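*Asks:* okay, sequence plus prediction incoming.
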Amino acid sequence: MGYLYVFLTISFTVYGQLVLKWRMNLKGQLPVEFSSKIKFMFNAYLDPWILSGFLVAFLASVTWSMAMTKFELSKVYPFMSLSYLIVFILSVFLFNESVNIGKIAGFILIVVGVFVVSKSQ
């Protein structure tokens, strides 16, 4: 059951990041003037999709808290880095973000690191 909590935490985190990026892209550039920034962000936070991103961030913290009752933090925390990998892959396809050898090498190191930590006792 503990790994289900970790999976849900990662899933909620990924969803939140992708939805926020999608919706904020649609909102356009952040204005320069301070008062315009406040209005811009206030309007953005009224977007139902963005609100869903905040909701799942809360749910991620709930499922993460549940996972903490099942594992040592040093063993399970590296799994959270998998959210970086998933967001990267999906952002390439969904938002046409760039891919380069440095990013690929970094993500390979993350995956190897998660594997090594998960196998250590």
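*Replies:* That came through, no problem.
*Asks:* can you give me the helices in this protein?
*Replies:* Here the chain has its helices, by DSSP state H, at 2-27, 34-45, 48-68, 73-76, 82-95, 101-119.
*Asks:* switch the ones you listed over to CSV; also include mean pLDDT and mean neighbour count.
*Replies:* No exception for glycine: its C-beta is placed from N, CA and C like everyone else's. Compiled in CSV, the helices of the chain are given as follows (pLDDT from 0 to 100; neighbours: other C-beta atoms under 10 Å):
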stretch, mean pLDDT, mean neighbour count
helix 2-27, 96, 17
helix 34-45, 94, 12
helix 48-68, 96, 16
helix 73-76, 84, 13
helix 82-95, 93, 15
helix 101-119, 87, 12
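*Asks:* residues contacting residue 83?
*Replies:* 10, 13-14, 17 (C-beta atoms under 8 Å, 6 or more residues apart in numbering).
*Asks:* how close does it get to residue 44?
*Replies:* Going from residue 83 to residue 44 by C-beta to C-beta, to the nearest Å gives 22 Å.
*Asks:* tell me if I'm right that residue 92 and residue 100 touch.
*Replies:* No. Using C-beta atoms under 8 Å, residue 92 and residue 100 do not qualify as a contacting pair, with a distance of 10.9 Å.
*Asks:* what does the pLDDT read for residue 121?
*Replies:* Looking at residue 121, its pLDDT stands at 61.
*Asks:* so that it lines up with my notes, have the first residue be 5 from now on.
*Replies:* Okay, using 5 as the starting number, the last item reads as residue 125.
*Asks:* residue 17 and residue 64 touch, don't they?
*Replies:* Yes. The pair residue 17 and residue 64 qualifies as a contact (C-beta under 8 Å) at a distance of 5.0 Å.
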